[in-house]
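>>> Show me the folded form of this:
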Amino acid sequence: MNALPGPSENERTLARLVRAHDRWRGRDVLNLLPSENAVSPAARKYLSSDLAGRYTLPLDTEWHGERIDNSYTGTRYTDEIEQLGNASAARLFHGRYATVRPLSGHIAALAALVPLLPAKSRILAIEPKEGGYDGYAPGYIPALFGYTVRPLPASGPGFTVDAALAVETIERERPDAVILGQSFFLFPYPLREIAEAAHARNALVFYDASHVLGLVAGGEFQDPLREGADVLFGSTHKSFPGPQGGILVTDREDLFRQMDPALVWRIFDNAHWNRIAGVTQTLLEMERVGPEYARTIVRNSQALGGALSEEGVPLIAEAEGFSRSHQLHIDPERLRAAHGLGPSALARRLERQRLLIDLVGRIGTAEATRLGLTPEEMPRLAELFVRGGIRKEKVAPEVLAWRRTYRELRFA
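Numbers count the residues shown, from 1 in each chain. I've put the predicted structure just below:
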């Protein structure tokens, strides 16, 4: 048998790049990006397990005169893993029906909207200019499925939704559905009032918890299904500290019976069972440590907000306590007026000093909390933030030394 060639130069380059990334993002920076989190060692192990190359497709159908319950054999453990994840999600989010199959938060949104809303449906959603998710704006999901989208007003510090104005908008617009969820997400919604107004007009209420899913899992922020939402969905890798993926939960059997069959061969096919094992591990972790994790995130956000404000960093919603989520929002106009730079330039300065925020002015505390940082350490973080980002001091060695004191995840 002829010997096969060894790794190519491109393969060696790839290996070098992945190692460099793992060292940079996993050991050498403090990540304050609100859209990311640290995955536990157990979940990472499952991502690289044999599940990465396997299929399962449970079904009940006839094939050439035979009844089959799955398109594949060898799935005895795969199906049990998924059942564990679904059951844990149902417990955490207080719905009787759940699925961890969606591949992302966006796919989870499609998995809910497409089966339940026919073409030409009218939806209310918060506009991107008011912190809403771009995917619900005209030209994106609504354009693909023939929906008419109208704005649900959000205003003031943190783009909050006023209960009376939301009810008035629902009564005037008479939508078929209201979608709640934002990319800039500081404060809970007046969900009971919105749900009551929507249900009085036979409209559904969808709650996109992508950013706040980890807080909801820990009993913080709000309890969407118990407060009136019909369907909760979201991504599993922001405040929820799992691998990238999606989740969908409801307490209504009639809705789940429409959504679940629409997943396979319509919204997606293979659901990536190594990912499902990783998400399931994270769900089980949240059942164990979620309440303390979520509480600490909110306390860290509020403590960091106060410390940054004292250091002269202008933030949105100072009078409202800065945040009840994992996010803080820099005030771009006041930042320019006070320091002569915008959020993007600030983010690039901080990146050179091993502190990561996003370029649109959001700061996140979820991963720092997962590492083990506490409210008592937020003044130190704020000081490094200002010295590196505002005063242009070289604080990278201090950040690196501090980061490397956190060798294990606290909440895992």
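
>>> Helices along the stretch 301-412 of the chain, start to end?
332-339, 343-352, 366-371, 378-389, 396-403 (DSSP state H, counting those that start in this stretch).

>>> Go through these and pick out the most buried.
Compared across the helices of the stretch 301-412 of the chain, helix 366-371 shows the largest average neighbour count, a mean of 26 (mean count of other Cβ atoms under 10 Å). Yep, even glycine has a C-beta here, placed from its N, CA and C like the rest.

>>> check contacts around Ala319.
Pro157 (Cβ atoms under 8 Å, 6 or more residues apart in numbering).

>>> Could you check the pLDDT of it?
With respect to pLDDT, Ala319 scores 94.

>>> what about it, distance to Pro343?
Per Cβ to Cβ, to the nearest Å, Ala319 is found 21 Å from Pro343.

>>> What segments of the protein are strands?
For the chain, the strands defined by DSSP state E cover 30-31, 58-63, 66-70, 97-99, 122-125, 148-151, 177-180, 204-208, 231-235, 246-250, 327-329, 355-356, 362-364.

>>> Would you give the sheet partners of the one helix or strand in the chain whose mean pLDDT sits lowest, along with the direction of each?
Scoring the helices and strands of the chain by mean pLDDT, DSSP states H and E places strand 58-63 at the bottom, with a mean of 81. Using DSSP bridges, strand 58-63 pairs in its sheet with strand 66-70 (antiparallel).

>>> got the domain boundaries for this structure?
According to automatic domain parsing, the chain comprises the domains 96-270, 289-403.

>>> Can you say which of those is packed in most?
Ranked by mean neighbours (mean count of other Cβ under 10 Å), those are led by domain 96-270, with a mean of 21.

>>> Can I get the domains of the chain in TSV including distance to Ala38?
Shown next, in TSV, are the domains of the chain (distance: least, Cβ to Cβ, whole Å):
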stretch	distance to Ala38
domain 96-270	6
domain 289-403	5
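
>>> do you know which of those lies nearest Arg16?
domain 289-403 (20.6 Å; Cβ to Cβ).

>>> first to last residue in the closest one, what's the distance?
Its first and final residues considered, domain 289-403 spans 22 Å by Cα to Cα, to the nearest Å.

>>> so how far is that domain from its chain's centroid?
19 Å (Cα atoms, centre = their mean, to the nearest Å).

>>> Repeat that for stretch 198-214.
Its chain's C-alpha centre lies 15 Å from the corresponding centre of stretch 198-214 when counted by Cα atoms, centre = their mean.

>>> How far does that stretch stretch from one end to the other?
First residue to last in stretch 198-214 (Cα to Cα) measures 26 Å.

>>> JSON lines please, covering the strands of the chain and showing distance to Gly85.
Compiled in JSON lines, the strands of the chain are given as follows (distance: least, Cβ to Cβ, whole Å):
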{"stretch": "strand 30-31", "distance to Gly85": "26"}
{"stretch": "strand 58-63", "distance to Gly85": "14"}
{"stretch": "strand 66-70", "distance to Gly85": "18"}
{"stretch": "strand 97-99", "distance to Gly85": "8"}
{"stretch": "strand 122-125", "distance to Gly85": "28"}
{"stretch": "strand 148-151", "distance to Gly85": "32"}
{"stretch": "strand 177-180", "distance to Gly85": "24"}
{"stretch": "strand 204-208", "distance to Gly85": "20"}
{"stretch": "strand 231-235", "distance to Gly85": "15"}
{"stretch": "strand 246-250", "distance to Gly85": "9"}
{"stretch": "strand 327-329", "distance to Gly85": "27"}
{"stretch": "strand 355-356", "distance to Gly85": "30"}
{"stretch": "strand 362-364", "distance to Gly85": "25"}
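
>>> Confidence-wise, which of these is weakest overall?
strand 58-63 (a mean of 81).

>>> In the chain, where is pLDDT below threshold?
Within the chain, the set of residues satisfying pLDDT under 70 is empty.

>>> before we move on, back to that, adding distance to Asn2, write the helices of the stretch 301-412 of the chain out as TSV.
Listed next are these as TSV, based on distance: least, Cβ to Cβ, whole Å:
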stretch	distance to Asn2
helix 332-339	62
helix 343-352	48
helix 366-371	48
helix 378-389	56
helix 396-403	48
